[in-house]
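Chemist: Take a look and give me a structure for this.
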Amino acid sequence: MSKKIVIAGGGWSGAAAALAARKTGCEVELFERADMLLGTGLVGGIMRNNGRFTATEECIAMGGGELFQICDAHSRHRNISFPGHNHVSLYDVAAIEPAVRRALQAAGVKLHIKTRINDVVMDGANVVQVAASLLHGEAIAADGDAFVDASGTAGPQGNCMKYGNGCVMCIYRCPTFGPRFSIAAKAGVQEIIGEKADGTLGAMSGSCKLHKDSLDPAVREQLDRTGVCVIAVPPRLQKSMESLGQKACQQYALKEFAENIVLLDTGHAKLMSAYYPLEVLRQIPGCANARFEDPYAGGIGNSMRYFGMLPRDNTLKVQGLNNVFCAGEKAGLLVGHTEAIVTGTLAGHNAARVALGQKPIEISRELACGDAIAHVNEKMQTPEGLTKKYTFSGSVYFESMKKKNLYSTDVAAIRQKVMKTNMGGIFA
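Modeler: The predicted model follows:
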């Protein structure tokens, strides 16, 4: 009888975990509380910037590249630059979710959409079953041999009310589909809360979406043609550098993002700022009629994240549980879609290995993917480390990545290095 892997959460990490587990021959069931997959990926769009290029090509060489290839195939712009970021690809946020959904279905993943897990059944330190309910109340259950918790760290509304500027009606849509649910937390594992540099809890999502048609024609034309539009902000309207520290995406805590608004074309106009008061934004050239697309109340704030991380080892197995792995933001203070796909791929593969009676693996620290997973795990053991955010694309980890000579844009050299570490095709 084949083994079954159950995944909580259909964001980038949950989708990656599902594909990785399915490739081992295991049955896979994925539960997503909302009506679409990808979570923040529905309003994201940035790929391959800075060290994410290296991580992407490493993951492809390791045999876990399907989602990256889908993003490449749906890129509106490739190899562009904006302040602090090079060789960037921007995928189309309108086209990406159906493409990922089709890929999961073609792989044989059983999808439960609009279905929220709300309880677990335990056998010692093993989870053996999840109980779930459809949006309109029908109850279902799924047995599993191993599980992946990819439920994210944002929501419910109470966290945004207490630690942010209130519910801003973002893509998570907590009022409609309910809060996230953590398999590991329900099984008794204490979740970890991240902090900002000032010691307050959580971190705010790092960008908003503007309705492109609400911008001046010249701005729209530049976005469509080049993918990027940088507009100088009058000095009296500029944000302080301190205000940039509240963002989860610390790779954008640069003075260029205080002195300018940076817009990227992902279908909508992606505003690289956690929020901008509408009355201020509309005083900036080109934005006189600007309207927020996500979050709808983006003039007052953004969603609050990093409230539910899990203690784990470098195989991404959750500490205290034998057969539960974690991915995406659940796996720690790694920020971004690329980071979610990498951790999801490893978590799904290792969940399948455990289900099949094999030992889980770690990615070599000679590769950026393995080093980032281990580096973040080490840093999160310290109070200071919990106040920082880590990403292949900038801030403290990208600097560390460069010092360790882990950053490269030479695809052939990256693939050769993967082979040299005996990691070639491990996820295939």
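Chemist: Can you find the helix or strand of this structure with the lowest average pLDDT?
Modeler: Using mean pLDDT, DSSP states H and E, the weakest-scoring helix or strand in the chain turns out to be helix 241-244, at a mean of 60.
Chemist: Can you tell me what sits against stretch 159-177?
Modeler: 33-35, 39-40, 42-43, 114, 116, 135, 154-157, 200-202, 204-205, 275, 294-298, 300-304, 307 (C-beta atoms under 8 Å, 6 or more residues apart in numbering). (Glycine included, C-beta is placed from N, CA and C.)
Chemist: nope, stretch 372-382 is what I meant
Modeler: With C-beta under 8 Å, 6+ apart as the test, stretch 372-382 has contacts from 55, 192, 309, 312-314, 316, 331-334, 339, 342-343, 346, 362-363, 365, 385-386, 388, 390, 392, 397, 400-401.
Chemist: Extract the C-alpha set from that stretch and format it as PDB.
Modeler: Extracted C-alpha coordinates of stretch 372-382, given in PDB (Å, rounded to 0.1, in the frame of the first residue of the first chain):
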ATOM      1  CA  ALA A 372      20.300  29.500   4.400                       C
ATOM      2  CA  ILE A 373      18.200  26.800   6.200                       C
ATOM      3  CA  ALA A 374      21.000  26.100   8.700                       C
ATOM      4  CA  HIS A 375      22.000  29.700   9.100                       C
ATOM      5  CA  VAL A 376      18.500  30.900  10.000                       C
ATOM      6  CA  ASN A 377      18.000  28.000  12.400                       C
ATOM      7  CA  GLU A 378      21.200  29.000  14.300                       C
ATOM      8  CA  LYS A 379      20.300  32.700  14.400                       C
ATOM      9  CA  MET A 380      16.800  32.000  15.700                       C
ATOM     10  CA  GLN A 381      18.300  30.500  18.800                       C
ATOM     11  CA  THR A 382      19.400  34.000  19.900                       C
END
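Chemist: Go ahead and confirm Phe53 touches His85.
Modeler: No. Using C-beta atoms under 8 Å, Phe53 is not in contact with His85, being 10.5 Å away.
Chemist: and Leu30, what helix or strand is that in?
Modeler: Using DSSP states H and E, Leu30 sits in strand 27-32.
Chemist: Can you spell out which helices and strands pack onto the very next helix or strand once past that strand?
Modeler: Sequence-wise, the next helix or strand downstream of strand 27-32 (DSSP H and E) is strand 46-47. Here strand 46-47 touches helix 66-73, strand 85-91, helix 337-355, going by 3 or more C-beta pairs under 8 Å, 6 or more residues apart in numbering; DSSP states H and E.
Chemist: pull the CA atoms of the second one into CSV?
Modeler: Provided in CSV are the C-alpha atoms of strand 85-91 (Å, rounded to 0.1, in the frame of the first residue of the first chain):
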residue,chain,number,x,y,z
HIS,A,85,18.3,44.3,-7.0
ASN,A,86,19.5,42.8,-10.2
HIS,A,87,18.6,40.2,-12.8
VAL,A,88,15.0,40.2,-11.6
SER,A,89,12.0,38.4,-13.1
LEU,A,90,8.4,39.5,-12.4
TYR,A,91,5.7,36.9,-12.9
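Chemist: Can you tell me the strand partners of that strand and which way each runs?
Modeler: Strand pairing for strand 85-91, using DSSP bridges, gives strand 46-47 (antiparallel), strand 75-82 (antiparallel).
Chemist: so after the shortest one, what's the next helix or strand?
Modeler: Past strand 46-47, heading to the C-terminal end, the next element that is a helix or strand (DSSP H and E) is helix 51-61.
Chemist: Check which helices and strands that following helix is in contact with.
Modeler: By 3+ C-beta pairs under 8 Å, 6+ apart, helix 51-61 packs against helix 66-73, helix 337-355, helix 368-379, helix 395-403, helix 411-420.
Chemist: Contacts made by it with the rest, please.
Modeler: Against helix 51-61 from outside (C-beta under 8 Å, 6+ apart): 47-48, 65, 68-69, 87, 336, 338-339, 341-342, 345, 367-369, 372, 391-393, 397-398, 401-402, 406-409, 411, 414-415, 417-419, 423-425, 427.
Chemist: Going by neighbour count, list what's buried in it.
Modeler: Gly51, Arg52, Phe53, Thr54, Ala55, Thr56, Glu57, Glu58, Cys59, Ile60, Ala61 (16 or more other C-beta atoms under 10 Å).
Chemist: Which of those sits closest to Val262?
Modeler: Proximity of these to Val262, judged by C-beta to C-beta, is greatest for Arg52, which lies at 17.2 Å.
Chemist: what about Glu362, how many neighbours?
Modeler: Using other C-beta atoms under 10 Å, Glu362 has 14 other residues around it.
Chemist: Please verify my assumption that it contacts Asn314.
Modeler: Yes. Contact criterion C-beta under 8 Å: Glu362 and Asn314 qualify, at 4.6 Å.
Chemist: residues bridging contact with the two, i.e. touching both?
Modeler: Gly370, Ile373, Ala374.
Chemist: List the contacts of Ser13.
Modeler: Applying C-beta under 8 Å, 6+ apart, the residues near Ser13 are Ala150, Ala327, Gly328, Glu329, Lys330, Ala331, Ala340, Ile341, Thr343, Gly344, Ala347.
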